[in-house]
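Asker: pasting the structure only:
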């Protein structure tokens, strides 16, 4: 996993360039990626400079300007590094925000983008990666779709699993999906409680499932504590475990961005008790969850209720480990 945050600390604001005709950057080559530069512009903003291996665009894409992100295609740039100067044509991807936390976020994602692009990216490769990056930065400017507690609980399930990559791959595309993890005929729904009572909200639709779909509920207690672990810390540890899979790294960031929206900077400060979550984690078959058995009138839909699991026997963890797929992966190490 490429650590651009540490690399960026070595850069100074560009000065003394021989010409003002082109954008000015102080830049460092990214090790093992000869067409990539990590740069700082004259505004003190972090940037990625990517030089495509193929010919220039027939129709150069229009610049992209978002609240926190700017992208310029095929720009003639002059770069300074250790007293040396370089002139080349780059696609410039820049974090246009002075906030340090936002810049670190950009640099974390930037490392993933470089891994995805590889050593010799084409202009088509760059365009596709820019599209994903733009989608991600647009999502963090929108309203949140789930609580911090709910997202932390799902990340905890991934973090404590025996196969984080398999669970990230099965994680929901949308926070509005019926279940949190989906793979083949297996589903996992994560429920958390702050009251230390196993009382969780369910939709009737979640509990009325086809016979060929196997579903378990992961139930845990969560509690905010100053000495706990934050979403950022959980995410960074998960990223280190799936560092060889840049597509999953980006997907992880996309789901988090879509879920937290414009609350991600505030949410990063919330910390939860990891030991309590791990100690309290239990699994239940969906078939054992109490539910409304009567047939509802067709005029009634979207029924939600609280089910108390306190007196329901959880699934044996040895049995969980004997299963295949995400059921085996979700069992703790």
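Answerer: Perfect, I can see it now. All values derive from a computational prediction rather than experimental measurement.
Asker: residue 5 contacts residue 107, doesn't it?
Answerer: Yes: with contact defined as CB atoms under 8 Å, residue 5 reaches residue 107; the gap is 4.8 Å. From N, CA and C alone the C-beta is placed, and that goes for glycine too.
Asker: out of those two, which sits in the more crowded spot?
Answerer: Just comparing residue 5 and residue 107: by other CB atoms under 10 Å the higher neighbour count belongs to residue 107, 20 against 16.
Asker: distance of that one from residue 232?
Answerer: Distance, residue 107 to residue 232, by CB to CB, to the nearest Å: 13 Å.
Asker: same check on residue 288?
Answerer: Residue 288 sits 35 Å away from residue 232 when distances are taken as CB to CB.
Asker: those two - which one has more neighbours?
Answerer: Taking residue 288 and residue 232 together and counting by other CB under 10 Å, residue 232 has the greater number of neighbours (20 against 13).
Asker: so that one belongs to a strand, correct?
Answerer: No: with DSSP: H, G, I helix; E, B strand; the rest coil as the criterion, residue 232 is assigned helix and is not in a strand.
Asker: how near is the closest residue to it other than its chain neighbours to residue 103?
Answerer: With sequence-adjacent residues excluded and distances taken as CB to CB, 6 or more residues apart in numbering, residue 232 is closest to residue 268, at 4.6 Å. Counting by CB to CB, the gap between residue 268 and residue 103 amounts to 14 Å.
Asker: with residue 288 instead?
Answerer: Using CB to CB, one obtains 48 Å as the distance from residue 288 to residue 103.
Asker: check residue 63 too.
Answerer: Residue 63 is 20 Å from residue 103, where distance means CB to CB.
Asker: what's the helix or strand for the one residue sitting closest to the centre of the chain?
Answerer: When the chain is reduced to its mean C-alpha position, the nearest residue by CA atoms, centre = their mean turns out to be residue 253, at 1.7 Å. Under the assignment given by DSSP states H and E, the secondary-structure element containing residue 253 is helix 246-260.
Asker: so where's the chain shaky on pLDDT?
Answerer: Low-confidence segments of the chain (pLDDT under 70): 15-22, 55-58, 173-176, 332-333.
Asker: okay, helices next: where are they in it?
Answerer: Listed in chain order, the helices of the chain (DSSP state H) span 4-8, 100-117, 123-139, 148-159, 164-170, 204-207, 231-241, 246-260, 264-267, 274-280, 317-322, 325-330.
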